[in-house]
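# Provide a 3D model corresponding to the input given below.
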Amino acid sequence: MPTTNPKSTQSKPTQSKPTNAKPTPTKPHRHRAIPESVVQRSLSLSSRKAARLWAQLDSGMADPMDLLPALQQAQGQQEDAVDIHVTLRQHIDAEIAAAQARLDALVAVHEADLKRLKGWANRLDQGVLDLYEQGLISEEALGQTYRIRVKRNPPSCVVLDESMIPEQYIKVKTTYAPDKTAIKGAIQGGETVPGADLVRKLKVLYEAAPTSLNRMADQAQV
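Model (predicted):
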């Protein structure tokens with residue numbers, strides 16, 4: 001029988017050749033910046049300072065009543081402070097309108113859900129009453145855990161024709177309320193109305209400055 005050389009059966013250890021590849025540097029992990037709110041991005045298009053003030057309001061770091069005096073002290077220019085104040089106020093109004101629209105949509109959705117659920121509940125009850133009136137179930141139906149009972153409510157009055165009800169069974173509802181329009185006219189006419197007076201409350205108006213209106217008129221003529 002042919003003999004095998006024991007040296008030939010031994011596998012030589014493989015040696016890896018040195019490479020000149022340089023280790024790839026690891027990139028520092030970067031946290032993704034939190035995206036700005038839509039309002040803040042919109043504000044930054046017209047006023048970056050107003051956008052920063054919005055961020056302070058949103059984070060609770062500032063009080064709205066302190067913004068205008070702080071702007072005047074920091075900048076020393078009333079015109080810039082007023083413009084930033086009005087820009088911020090206009091965007092707050094836009095946010096109020098958007099929030100109200102979302103609220104109205106949610107109310108409409110939930111009202112529809114309530115109407116649907118109450119309709120299902122009434123149909124379940126009506127189904128039981130229909131079976132009872134048809135004599136298919138008795139006044140009490142038993143299950144392993146629950147039972148269904150049909151019982152009559154206390155007597156209630158149903159008005160079939162209100163015009164035929166005798167006067168003695170008619171209840172008169174009388175309400176008294178001050179006539180503010182008449183009182184206002186009387187006081188403006190020089191009369192004294194005890195218990196009432198005229199007041200003129202203050203309100204804040206946000207309008208375009210006259211110089212801005214002039215610029216818009218000049219641009220329209222060009």
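# so where do the strands sit in this structure?
Ranges of strands within the chain are 140-142, 147-149, based on DSSP state E.
# Low-confidence bits of the chain, can you list those?
1-54, 56-78, 80, 211-222 (pLDDT under 70).
# Which among the strands of the chain is found nearest to Thr192?
With Cβ to Cβ as the criterion, Thr192 lies closest to strand 147-149 of those, at 67.3 Å. Heads up, the C-betas are built off the backbone N, CA and C, glycines and all.
# Packing partners of that closest one?
strand 140-142 (3 or more Cβ pairs under 8 Å, 6 or more residues apart in numbering; DSSP states H and E).
# thinking again about what came up before, for the strands of the chain, give me TSV that also has mean neighbour count and distance to His110.
Converted to TSV, the strands of the chain look like this (neighbours: other Cβ atoms under 10 Å; distance: least, Cβ to Cβ, whole Å):
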stretch	mean neighbour count	distance to His110
strand 140-142	12	33
strand 147-149	11	29
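# what's the closest of these to Ala112?
Ala112 lies closest, by Cβ to Cβ, to one member of the strands of the chain: strand 147-149, at 28.6 Å.
# Mind listing the strands that closest one pairs with, and their directions?
strand 140-142 (antiparallel) (DSSP bridges).
# quick one: the helices in the protein?
With DSSP state H, the ranges of helices along the chain come out as 6-9, 38-46, 48-58, 67-75, 78-133, 180-188, 210-221.
# Alright, that wraps it up for me.
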